[in-house]
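In: Let me see the structure of the following:
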Amino acid sequence: GETGGEWWTNTGQDRARREYDLREGRSPDGPFDPLVYFFHDVPEHIVKEAMAGEPPQSGTPFEQPWPLSAWPDVPTTVLSSREDRLFPVEFQTRVARERLGITPETLPGGHLVALSRPEELAAVLDR
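Out: Below is the predicted model of the structure:
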């Protein structure tokens, strides 16, 4: 019954990001900069293309409650990027363990690992 918006607060994402920013020497109180949190390790030519226009994003996942009482009984793997500045790897590991009983597999890269390290991600997904 939790909404995507409630998830952020319930899991402590803000606190985790703040602590990570402080450890990394970034001000946690500055304005949110997508270049810092999403694109810090993405090749420049991809950043330019991505920043050329922002596709509309639905607010529905943040407003509507999760419709199931539990995660479905399906094979599930959690992948966490070690340099993710929005969802620090320690945060991802804790949430995956608490909510799914799974220890994530970590790989190099930031929040947009599919753009910054597509070959490494594909290799993990292809196993």
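In: just the helices in the protein please.
Out: Assigned by DSSP state H, the chain shows helices spanning 4-11, 13-24, 34-37, 44-51, 60-63, 89-100, 113-116, 118-125.
In: Now tell me what touches the third one from outside.
Out: Right, the one you point to is helix 34-37. Contact with helix 34-37 is made by Arg26, Val47, Met51, Arg85, Leu86, His111, as judged by CB atoms under 8 Å, 6 or more residues apart in numbering. For the C-beta atoms, the positions are set from N, CA and C on the backbone; glycine is no exception.
In: Could you give the number of residues near the fourth one?
Out: As a burial measure, the neighbour count of Arg85 was computed by other CB atoms under 10 Å and equals 18.
In: how close does it sit to Gly53?
Out: Going from Arg85 to Gly53 by CB to CB, to the nearest Å gives 23 Å.
In: Next: the second one.
Out: With the distance defined as CB to CB, Val47 ends up 13 Å from Gly53.
In: And the two? Which one has more around it.
Out: Between Val47 and Gly53, counted using other CB under 10 Å, the more crowded position is Val47 (19 against 6).
In: and the more buried one, what does it touch?
Out: Counted by CB under 8 Å, 6+ apart, Val47 has contacts Leu35, Phe39.
In: Tell me the helices and strands packed up against the helix or strand of the chain with the lowest mean pLDDT.
Out: Within the chain, confidence by mean pLDDT, DSSP states H and E is lowest for helix 60-63 among all helices and strands, at a mean of 90. Applying 3 or more CB pairs under 8 Å, 6 or more residues apart in numbering; DSSP states H and E, one finds that helix 60-63 contacts helix 4-11.
In: For the helix it packs on, which outside residues touch it?
Out: For helix 4-11, using CB under 8 Å, 6+ apart, the contacting residues are Glu2, Gln13, Asp14, Pro61, Phe62, Glu63, Gln64, Phe91, Val95.
In: quick one: which of these is nearest Thr77?
Out: The shortest gap between Thr77 and any of the contacts of helix 4-11 belongs to Val95, at 14.6 Å (CB to CB).
In: Give me the neighbour count for the closest one.
Out: Val95: 21 surrounding residues under other CB under 10 Å.
In: ditto for Ser116
Out: The number of residues packed near Ser116 is 22, by other CB under 10 Å.
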